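Peer 1: Build the 3D model from these lines:
(one chain, ligands or ions: 1)
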Amino acid sequence: MTNKQMTSSETEQTDDQQPNPTPGTDSLADRGTDIGVETSSRDDPATVPDRTIIESRDLDVYYGDDQALNGISMEIPEQQVTALIGPSGCGKSTFLRSINRMNDLIDIARVDGELFFREKDVYDDDVDPVALRRRIGMVFQSPNPFPKSIYDNVAYGLRVQGQDDNLDEKVHTALERAALLDEVEDQLDSSGLDLSGGQQQRLCIARAIAPDPEVILMDEPASALDPVATSKIEDLIEDLAEEYTVIIVTHNMQQAARISDKTAVFLTGGNLVEFDDTTKIFENPESDRVEDYITGKFG
Ligand SMILES: Nc1ncnc2c1ncn2[C@@H]1O[C@H](COP(=O)(O)OP(=O)(O)OP(=O)(O)O)[C@@H](O)[C@H]1O
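Peer 2: Got it, this is the predicted structure:
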């Protein structure tokens, strides 16, 4: 594959990287639906061997002349939690955004290499990034609900996608899956902005999962939250992996160790240094640099 200059014309986002609302579920949702990739049936993760859903091969990402990712090759398993960790600036968010082409929103970003979602290269010309983001949703660091009711926050993406049959049921299901329903059941008409930070983030997760994506990308989803709210989000992420593939960027190594099945360690220069089962990474990493990072000798 040749270098691909990405453009922002194919999206309708603002030029900051945290569009409001969540991409793939809201303002991006009223475009094409087909990216030429079959949806696989969800299976009981306990009975399914590791099955790759996302694979990068020799992926480089540049911002202008600066290289942010250097030859990243990784196979991310389906219906598991994969954590991306590493020091600031090593390219974790860049990699995350490459998966659902959020880097398209950055004019100077350029991708070289291959990135497959279910064996389809998401950078192929015939892939509609908007449709892709419907299959691969995203949750950001700061909760960003709409200034709308709780109900409408969750329903919005479904409505613009024309998935508004059984809307009440779908909204309730998404809120339930996001572990928020019990707390908001009697106030669905209240503004999403009146919720606590942790509840707002779970509302954003409900919004992201309402259209039933297969992969949920999370960029430090708990970093703005207090310990209690963080713990709820962590429990939720583990539950979500029963049905979805979750890929999470976190600066919190304890969090990665607690909730992820696989861990990828990026280090300076945009290099993926080690990718393995989380227990192996934290207990017996192959690389001395990873061990130094895990044990806090740098970072
Ligand atoms: N929009 C952008 N324009 C130009 N350079 C960028 C842009 N976004 C990221 N970079 C650069 O790319 C490199 C990787 O950044 P990235 O945000 O992916 O790293 P990160 O590991 O997620 O960092 P952090 O943990 O601090 O969020 C950094 O050198 C950063 O300055």
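Peer 1: roughly how far apart are the residue sitting nearest the centre point of the chain and Asn100?
Peer 2: Of all residues in the chain, the one closest to the mean position by C-alpha atoms, centre = their mean is Leu217, 0.4 Å from it. Spatial separation of Leu217 from Asn100 under the definition C-beta to C-beta, to the nearest Å is 6 Å. (Each C-beta comes from the backbone N, C-alpha and C, glycine too.)
Peer 1: what's the overlap in contacts for these two?
Peer 2: Counting by C-beta atoms under 8 Å, 6 or more residues apart in numbering, the residues touching both Leu217 and Asn100 are Ile136, Gly137, Met138.
Peer 1: so how far is the ligand from the residue nearest to the centre of the chain?
Peer 2: Plainly put, Leu217 is 12 Å away from the ligand if you go by C-beta to the nearest ligand atom, to the nearest Å.
Peer 1: Now do the SS call for that residue.
Peer 2: On the three-state scheme (DSSP: H, G, I helix; E, B strand; the rest coil), Leu217 is labelled strand.
Peer 1: list the contacts for it?
Peer 2: The contact partners of Leu217, taken as C-beta under 8 Å, 6+ apart, are Leu96, Arg97, Ile99, Asn100, Ile136, Gly137, Met138, Val139, Ile247, Ile248.
Peer 1: Which residues of the chain lie near the ligand?
Peer 2: Contact residues, the chain versus the ligand (C-beta under 6 Å from any ligand atom): Tyr63, Ala68, Gly86, Ser88, Gly89, Cys90, Gly91, Lys92, Ser93, Thr94, Ile106.
Peer 1: And the residues you listed, which two are furthest apart?
Peer 2: Comparing every pair within those by C-beta to C-beta identifies Gly86 and Ile106 as the most remote, at 20.0 Å.
Peer 1: Can you pick out the residue with more neighbours from these two?
Peer 2: When Gly86 and Ile106 are compared for neighbours, Gly86 comes out ahead with 24 against 18, by other C-beta atoms under 10 Å.
Peer 1: Next one: the more buried one from Leu240, what distance?
Peer 2: When distance is defined by C-beta to C-beta, Gly86 is 23 Å away from Leu240.
Peer 1: before we move on, back to that, just the closest of the shared contacts of Leu217 and Asn100 to Phe117, please.
Peer 2: Comparing those against Phe117 with C-beta to C-beta picks out Ile136 as the nearest, at 6.7 Å.
Peer 1: Look up phi and psi at that closest one.
Peer 2: Ile136 has phi and psi values of phi -130, psi 90 when expressed as degrees, to the nearest 10.
Peer 1: Can you tell me who it pairs with across the strands?
Peer 2: Going by DSSP bridges, Ile136 is paired in beta bridges with Val215.
Peer 1: Tell me, how many residues neighbour it?
Peer 2: What Ile136 shows, counting by other C-beta under 10 Å, is a neighbour count of 26.
Peer 1: now the helices for the stretch 1-150 of the chain?
Peer 2: Listed from the start of the chain, the stretch 1-150 of the chain has helices (DSSP state H, counting those that start in this stretch) covering 92-99, 129-135, 150-160.
Peer 1: Just give me how far the second one sits from the chain centre.
Peer 2: Here the centre of mass of C-alpha atoms in helix 129-135, compared against the chain's by C-alpha atoms, centre = their mean, to the nearest Å, lies 12 Å away.
Peer 1: hang on, Asp164 in a helix?
Peer 2: No. Checked against three-state DSSP, Asp164 lies outside a helix; its state is coil.
Peer 1: Look up the closest residue to it, ignoring the ones flanking it.
Peer 2: Using C-beta to C-beta, 6 or more residues apart in numbering and skipping residues adjacent in sequence, the residue nearest Asp164 is Leu158, 5.6 Å away.
Peer 1: Quick one: find the helix or strand in the protein with the lowest mean pLDDT.
Peer 2: Among the secondary structure pieces of the chain, namely its helices and strands, strand 4-5 has the lowest mean (mean pLDDT, DSSP states H and E), a mean of 47.
Peer 1: Report the contact partners of Asn103.
Peer 2: Contacts here follow C-beta under 8 Å, 6+ apart; on that basis Asn103 touches Met6, Val61, Thr94, Arg97, Ala109, Val111.
Peer 1: surely Ile99 meets Val215?
Peer 2: Yes. In this structure Ile99 lies within contact range of Val215 using C-beta atoms under 8 Å: 7.2 Å.
Peer 1: Mutual contacts of the two, please.
Peer 2: Counting by C-beta under 8 Å, 6+ apart, the residues touching both Ile99 and Val215 are Ile54, Phe117, Ile136, Ile247.
Peer 1: Before we move on, what's the pLDDT of the third one?
Peer 2: Model confidence at Ile136, given as pLDDT, is 95.
Peer 1: tell me the pLDDT at Val290?
Peer 2: For Val290, the model assigns a pLDDT of 95.
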